[in-house]
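> quick one: sequence plus predicted model below, questions after.
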Amino acid sequence: MKTYSSIYNYHSNQKTIVTLGTFDGVHLGHQMIIRKLVTASKLLGGESLVLTFFPHPRMVLKQDDSIKLLNTMEEKIALLERYGLDNLVIHTFDKDFSQLSAEAFVSEVLVKQFNVGKIIIGYDHRFGKNRTADIHDLRMFGLKYDFEVEEISAQEIDHVSISSTKIRKALEVGDVSMANEYLGYDYTFSGTVVSGKKLGRTIGYPTANIQIPENYKLVPKNGIYIVSSVLDGSVVHGMMSVGVNPTFKNHPYTIEVNFLDWEGDLYGKAVCISIHDRIRDEERFDQLDLLIEKIQQDELITRKYFIEHV
């Protein structure tokens, strides 16, 4: 898959089969659209192309800094690459681009830059300045500029929309199992291991304190989770704590992972964590011994999970 950082960096003499959207999560609904796109490109002898945008349009148009996304752009690229896509164009969404008229978008981007032969799009897709154009306008433009328009049905679009909403809501309440079911893979996040208070070492459970650089990345509800990561080329199982560790006073919000049966120096290294399931909420303990006993129970649950899911 070839990746381009702007619409204007891409041009091909071959016809392209195009779809566009945010594709946040690249979940099962998105995967269906991508497979449809790739299949169509092979049948027509053209190249498949996905156009997506960053920042998220809501961040720009509504200046909504609170929006949380399922993927960073790096994660999205890695996910899309799994499905045999030929081209991914990531265009910076800004206010100037939002002012582009519908016909200018079609003629300048789809036709001139992408050499579009076919576009696969949702029945309810709106585009152009103030989102005034719809699929009926797109069909008219298709006749004018000689490209085909394939409509994704209401039923298929509903599946995509419902999945996105359910995934975010599921993660916000800690229902990782449901989120993973709709994603079709285990939810992940990436970050850098930074120095923490090293409290885990004092109770026999040293942790890697992980800092996520992207503040828009959705992190599941505070609690204890079953996770894994690839460290030094091997899959390592672990337990993750997300939250403020209420047993310790004035403890900051952290994401900490205790890797089972593994020792090594991870400070300054980037790690990718896969979240498999949730064990429990955060709890406050009046005695440290009670916390240690609870963590030991968490460890037993975690080890049992991986025995049953090999």
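Yep, it's here. Quick caveat: nothing in here was measured; it's all calculated off a predicted structure.
> the stretch 151-300 of the chain: strands as residue ranges?
All strands of the stretch 151-300 of the chain, identified by DSSP state E, counting those that start in this stretch, fall at 187-194, 208-211, 223-231, 234-243, 254-259, 270-280.
> closest to Glu156 out of those strands?
Among these, strand 187-194 comes nearest to Glu156, with 23.0 Å by CB to CB. Quick note: C-beta positions are derived from backbone N, CA and C, even for glycine.
> low-confidence bits of this protein, can you list those?
Within the chain, the segments meeting pLDDT under 70 span 57-65, 154, 157-161, 197-202.
> that one - how does it break down into domains?
The chain is divided into the following domains under automatic domain parsing: 2-167, 186-308.
> contacting residues around the residue nearest the centre of the chain?
Central residue of the chain (CA atoms, centre = their mean): Asn71, 2.3 Å from the mean position. Counting by CB atoms under 8 Å, 6 or more residues apart in numbering, Asn71 touches 24-26, 79, 217.
> cool, Ile212 as well?
Listed by CB under 8 Å, 6+ apart, the contact partners of Ile212 are 189-191, 219, 255.
> count the residues that sit near Glu293.
Residues lying near Glu293 (other CB atoms under 10 Å) number 12.
> separation between Thr44 and Asp281?
For residue 44 the amino acid is Leu, not Thr. Look at Leu44 and Asp281: by CB to CB, to the nearest Å, they are 52 Å apart.
> and if you look at Asp124?
From Asp124 to Asp281 the distance is 38 Å (CB to CB).
> repeat that for Val227.
17 Å.
> more crowded one of those two?
Set Val227 next to Asp281 and count neighbours by other CB under 10 Å: Val227 wins out with 24 against 11.
> excluding chain neighbours, what is closest to the more buried one?
Met240 (4.5 Å; CB to CB, 6 or more residues apart in numbering).
> okay, and the beta partners of that neighbour?
Tyr225, Val257 (DSSP bridges).
> who are the neighbours in contact with the closest residue to Leu231 other than its chain neighbours?
Take Leu231 and drop its neighbours on the chain: the residue closest to it by CB to CB, 6+ apart is Trp262, 6.3 Å away. Neighbouring residues of Trp262 by CB under 8 Å, 6+ apart: 231, 236, 238.
> so Thr188 bridges to which residues?
Residues in beta-bridge contact with Thr188 (DSSP bridges): Ser274.
> what number of residues lie near it?
Residues near Thr188, counting by other CB under 10 Å: 19.
> what of Leu231?
17.
> how close does it sit to Asp298?
20 Å.
> same question, Glu47
Counting by CB to CB, the separation of Glu47 from Asp298 is 49 Å.
> ditto for Ile255
For Ile255, the distance to Asp298 - CB to CB - is 16 Å.
> Asp94 now?
Where Asp298 is concerned, Asp94 sits at a distance of 46 Å (CB to CB).
> compare the two and say which is more crowded by neighbours.
A count of neighbours by other CB under 10 Å puts Asp298 above the other of Asp94 and Asp298, at 19 against 13.
> contacting residues around that one?
224, 239, 279-280 are the contacts of Asp298 under CB under 8 Å, 6+ apart.
> gap between Ser177 and Tyr267?
Counting by CB to CB - Ser177 and Tyr267 are separated by 32 Å.
> er, Thr52 actually
From Thr52 to Tyr267 the distance is 34 Å (CB to CB).
> between those two, which has more neighbouring residues?
Thr52 (20 against 10).
> my read: that one touches Asp24, true?
No - applying CB atoms under 8 Å, one finds Thr52 not in contact with Asp24, separated by 9.1 Å.
> common neighbours of those two, please.
Lys76.
> now do the buried residues in stretch 109-124.
For stretch 109-124, the neighbour count (16 or more other CB atoms under 10 Å) marks 109-111, 113-122 as buried.
> CA atoms of that stretch as PDB?
Provided in PDB are the C-alpha atoms of stretch 109-124 (Å, rounded to 0.1, in the frame of the first residue of the first chain):
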ATOM      1  CA  VAL A 109      -9.800  16.100  -6.700                       C
ATOM      2  CA  LEU A 110     -11.700  13.000  -7.900                       C
ATOM      3  CA  VAL A 111     -11.200  13.600 -11.600                       C
ATOM      4  CA  LYS A 112      -8.000  15.600 -12.000                       C
ATOM      5  CA  GLN A 113      -5.900  14.200  -9.200                       C
ATOM      6  CA  PHE A 114      -7.400  10.700  -8.700                       C
ATOM      7  CA  ASN A 115      -8.500   9.900 -12.300                       C
ATOM      8  CA  VAL A 116     -11.600   8.300 -10.800                       C
ATOM      9  CA  GLY A 117     -13.300   5.500 -12.600                       C
ATOM     10  CA  LYS A 118     -15.700   4.600  -9.900                       C
ATOM     11  CA  ILE A 119     -16.600   5.900  -6.400                       C
ATOM     12  CA  ILE A 120     -18.200   3.700  -3.700                       C
ATOM     13  CA  ILE A 121     -20.000   5.900  -1.200                       C
ATOM     14  CA  GLY A 122     -22.800   5.800   1.300                       C
ATOM     15  CA  TYR A 123     -26.400   6.700   0.400                       C
ATOM     16  CA  ASP A 124     -26.300   9.500   3.000                       C
END
